[in-house]
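Chemist: got a predicted structure plus its sequence, pasted below:
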Amino acid sequence: MFTAEMLESIKKVEATRAARIGVEPRRMTAEEKDELLRKFHPDYRAEGFQEIKVGPNKGEKAPYELGTLLHSNSRLLGAPINLEKVDYDVDVLVIGGGGAGSSAAIEAHEAGANVMLVTKLRIGDANTMMAEGGIQAADKENDSPQQHYLDAFGGGHFAARPELLRRLVMEAPDAIRWLNDLGVMFDKDPDGRMVTTHGGGTSRKRMHACKDYSGAEIMRVLRDEVWNRQIPVVDFTAAVELIMDDQGQVAGAVLQNMETGVYLVARAKTVIIATGGAGRLHYQDFPTSNHYGATADGLVMGYRAGAPLLYQDTIQYHPTGVAYPAQIFGALVTEKVRSLGAMLINAEGEAFMHPLETRDVSAASIIRECRERGKGVPTPTGFGIWLDTPMIEMIHGEGTIEKRIPAMLRMYLNYDIDMRKQPILIYPTLHYQNGGLEIGGEGFTKAIPNLLVAGEAVGGIHGRNRLMGNSLLDIIVFGRNAGKAAAGKCKEVTLGRMNLDHSQTYAEELKAAGLDTQEVSPLLLPKYTFGMPK
Amino acid sequence: MQNMVNVYFYGKQYSVPAELTIMTAMEYAGYKLVRGCGCRHGFCGACATIYRIKGSNELKTCLACQTQVQEGMYISTLPFFPADKRTYDMEEISAEQRVMMELYPEIYSCIGCNACTKGCPQSLEVMQYIAYAQRGDFAKCAEESFDCINCGICTSRCPAGISHPMVGVLARRLNGKYIAPKTEHLAERVEAINSGAFDEIIEKVMQKPIEEMKELYNTRDIEK
């Protein structure tokens, strides 16, 4: 399956392999990392960004494609929406059917609220389902919440909001307990101890996993629980605009059936935005590891209604996306492959970096190796770096790959590449939106009463870079909290007259800023027709 | 000149680049997918697909996002198939054979045709995990069904009307909750946090100036 040129390079990787076993490459100093990021991380490429011209973050920068969506109008301007005709009337409206939305719905239901979940695809069609490597929690004797805090705070360049990060690390063990009690099958030793490994930037082995289907296992259990509780799930129905009331509170959302185009009105005392990330906006033309619906809808709707964004200019490029073969270009190769011992090796067979630097540093280092040093392996779509997977079985024994990372093995075997015997080619892929809507510790936005945000749509939990395993964690911690908080809050909410005035006001602001756009947002789904795939 | 192949979506012919997957070939041909497309990377089961190669009688099944097109593929997608999920309260049930028997009695109607296994795009031993479920061996059923992505192809092929993924998820949840060994260090840590054992120290860490945090971070010891 590999080209002749690739096979030649593999020989060089094989030649150095035995000597690399047991030798840990040097980690970079703080200064080296800073310089590397400035020169090679895509967040520092000015042409990938534009200035936001309207709204609460006016004057700040955003990825170009997100900026365009923020500079677009509501699709409801001039649409015949009758807000008096209410199709759904609930206490808690959850927008998004991934891990955060499902956790929120379960907890809101547990608290006795009348909760409904809407999702533009199906429940579980989400980045949660695709998370492979694991979930962090400081639950072992040599570890502590404060150690977890330090790792995440430093890994995120000291920019995380302390009140959010505190919640993440302090509630992590209980998140694992909750999932375990719901029936999630974590990897355990026969005596019940969790099997835990390192992730990039962790100082303790606190990565819990369910093979390399960690997110899938968590998501299918959450989905099953939502179904068991018979919480109404309205699928193939997108939220396209928040509804406000005359007291300035959020009051629900206008929904649209993705198949028939019909608009529906959902009135709600509290609304939880759990719409996830933005990989399908393909910032700077990167491929993505994200699911089909990752188009930043919640950020756009929240922002238009007046909720500020935080760190919207920082994006995570996962260092190891598939570089080859083309059919799976951009798909995620879990960091767990490196946790298990596989090294990053250039075309010359050299281990050019420590395999477990943080993701931003690793991605920048791989980009430098290919762009500046010319030591990448040419592929039909650009360059790749070797991830030396055969090392895993040399270190941990035969059968380890099938047992610990079966999804990776299967994905490559589909294309006749046996990662047990040959290394694989990787390159950074657009993976995660570090920023998002700003919330306080209880999960509410500070600008709009009764509007909550959970999961990848939140900004500030991780700062300007996120560690592996802290996203599966945050969707559970902040999803659960949002569900509980919304269920509590709805009891004291009295809604006034509903309106969509903010979309009109926003349109006028756009016009005043000289942005007479014909585009509408949120995007809902990427446009892939009639072209070569992304 | 690109290497093209002829494929047939719902019987209609299109010429598409040979390196595409079924999913990207549909998009190349102009389909704007809403149904039948989820994660696009083989984890969500949204894109169950059935095809046969022109001139062959063998019916094949796959995931559209993980399968490269071939010349002469006659393709139909299976974006939804009615599965029969029973509801239960995890706190009220237990890992006893009768639980499965009561919730999914149709598993005992399995006629052993193995069409479920043959259809599985994850190459799981589907009929085998149903057999484990019949016997009440939920740990084995859980292990054998672990890589299930709930695409529903097995369900669509089953003459006995079994909803295999639903059986699998019940077995896995019973296994995770009731059969797998308890994790003492987890219970202890949750209790310590709830009793406030870490409140003071985390508060102190939160109050530290950034420069001090940088120093702590850059000099922290890393477990081997």
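Modeler: Received it, and whenever you're ready, just let me know what you need.
Chemist: from here on, contacts and neighbour counts on C-alpha atoms
Modeler: Noted.
Chemist: what bits of the chain have low per-residue confidence?
Modeler: Let's take chain A. For chain A, the stretches with pLDDT under 70 are A:534.
Chemist: other chain: chain B
Modeler: B:1.
Chemist: how many residues are close by the closest residue to residue B:67 other than its chain neighbours?
Modeler: Take residue B:67 and drop its neighbours on the chain: the residue closest to it by CA to CA, 6 or more residues apart in numbering or on different chains is residue B:21, 5.2 Å away. Number of residues near residue B:21 (other CA atoms under 10 Å in any protein chain shown) recorded here: 23.
Chemist: same question, residue B:56
Modeler: Neighbours of residue B:56 using other CA under 10 Å come to 9.
Chemist: likewise for residue A:499?
Modeler: 19.
Chemist: what of residue A:359?
Modeler: Residues near residue A:359, counting by other CA under 10 Å: 25.
Chemist: ok, it - contacts?
Modeler: A:200, A:316-319, A:465-468 (CA atoms under 8 Å, 6 or more residues apart in numbering or on different chains).
Chemist: how much space separates it from chain B?
Modeler: 16 Å (CA to the nearest CA, to the nearest Å).
Chemist: bridging residues for the residue nearest to residue B:67?
Modeler: Taking DSSP bridges as the rule, residue B:21 bridges to residue B:68.
Chemist: quick one: it and residue B:66 touch, right?
Modeler: Yes. In this structure residue B:21 lies within contact range of residue B:66 using CA atoms under 8 Å: 6.5 Å.
Chemist: any common contacting residues for those two?
Modeler: What both residue B:21 and residue B:66 touch, as defined by CA under 8 Å, 6+ apart, is the set residue A:327.
Chemist: center of chain B - which residue?
Modeler: residue B:149 (1.6 Å; CA atoms, centre = their mean).
Chemist: secondary structure element holding residue A:489?
Modeler: Taking DSSP states H and E as the criterion, residue A:489 maps to helix A:470-489.
Chemist: I'd like the distance from the helix or strand following that helix to the chain centre, please.
Modeler: Using DSSP H and E, the helix or strand that follows helix A:470-489 in sequence is strand A:498-499. Centre-to-centre, strand A:498-499 and its host chain are 32 Å apart (CA atoms, centre = their mean, to the nearest Å).
Chemist: quick check, residue A:267 in a helix?
Modeler: No. Residue A:267: not assigned to a helix; according to DSSP: H, G, I helix; E, B strand; the rest coil it is strand.
Chemist: so what's it bridging to?
Modeler: Residue A:267 forms beta bridges with residue A:89, residue A:252, as assigned by DSSP bridges.
Chemist: which residues touch it?
Modeler: A:86-90, A:243, A:251-253.
Chemist: tell me the spacing between it and residue A:94.
Modeler: Using CA to CA, to the nearest Å, residue A:267 is found at 12 Å from residue A:94.
Chemist: do the same with residue A:395
Modeler: Noted for residue A:395: a distance of 45 Å to residue A:94, by CA to CA.
Chemist: and the nearest residue to residue A:390 once chain neighbours are set aside, backbone torsions?
Modeler: In this structure, residue A:390 finds its nearest non-sequential neighbour in residue A:420, 4.9 Å apart by CA to CA, 6+ apart. Taking degrees, to the nearest 10, you get phi -70, psi -30 for the backbone angles of residue A:420.
Chemist: residue A:420 reaches residue A:401, doesn't it?
Modeler: Yes. In this structure residue A:420 lies within contact range of residue A:401 using CA under 8 Å: 6.9 Å.
Chemist: list residues touching both of these two?
Modeler: By CA under 8 Å, 6+ apart, the residues touching both residue A:420 and residue A:401 are A:392-393, A:409.
Chemist: so which strand or helix has residue A:403?
Modeler: helix A:400-404.
Chemist: please point out which parts of that helix sit buried.
Modeler: Residues of helix A:400-404 classed as buried under the neighbour-count rule (16 or more other CA atoms under 10 Å in any protein chain shown) are A:400-401, A:404.
Chemist: and what of stretch B:105-116?
Modeler: Neighbour-count burial for stretch B:105-116, counted by 16+ other CA under 10 Å, picks out B:107, B:110, B:114-116.
Chemist: could you do stretch A:100-111 as well?
Modeler: A:100-109.
Chemist: would you turn the residues you listed into TSV with secondary structure?
Modeler: Shown next, in TSV, are the buried residues of stretch A:100-111 (three-state DSSP):
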residue	secondary structure
A:100	helix
A:101	helix
A:102	helix
A:103	helix
A:104	helix
A:105	helix
A:106	helix
A:107	helix
A:108	helix
A:109	helix
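Chemist: nearest to residue A:339 among these?
Modeler: Residue A:339 has its nearest neighbour among the buried residues of stretch A:100-111 in residue A:100, at 25.7 Å by CA to CA.
Chemist: so that closest one is in contact with residue A:453, correct?
Modeler: No. Using CA under 8 Å, residue A:100 makes no contact with residue A:453, being 9.2 Å away.
Chemist: what is in contact with these two at once?
Modeler: With CA under 8 Å, 6+ apart as the test, residue A:100 and residue A:453 both reach residue A:274.
Chemist: and the helices in chain B?
Modeler: For chain B, the helices defined by DSSP state H occupy B:22-29, B:97-103, B:115-119, B:126-135, B:138-144, B:153-157, B:164-174, B:184-194, B:199-207, B:210-218.
Chemist: and for stretch A:90-98, what's in contact with it?
Modeler: A:101-102, A:104-105, A:108, A:113-120, A:122-129, A:219, A:239, A:252, A:266-276, A:486-487, A:490.
Chemist: just the buried ones from those?
Modeler: Buried subset of those (neighbour count, 16+ other CA under 10 Å): A:101-102, A:104-105, A:108, A:113-120, A:122-129, A:219, A:239, A:252, A:266-276, A:486-487, A:490.
Chemist: which residues touch the most centrally placed residue in chain A?
Modeler: Note on chain A: the residue nearest the mean C-alpha position is residue A:432, at 4.1 Å, using CA atoms, centre = their mean. Taking CA under 8 Å, 6+ apart as the criterion, residue A:432 is in contact with A:277-279, A:290, A:315-318, A:456.
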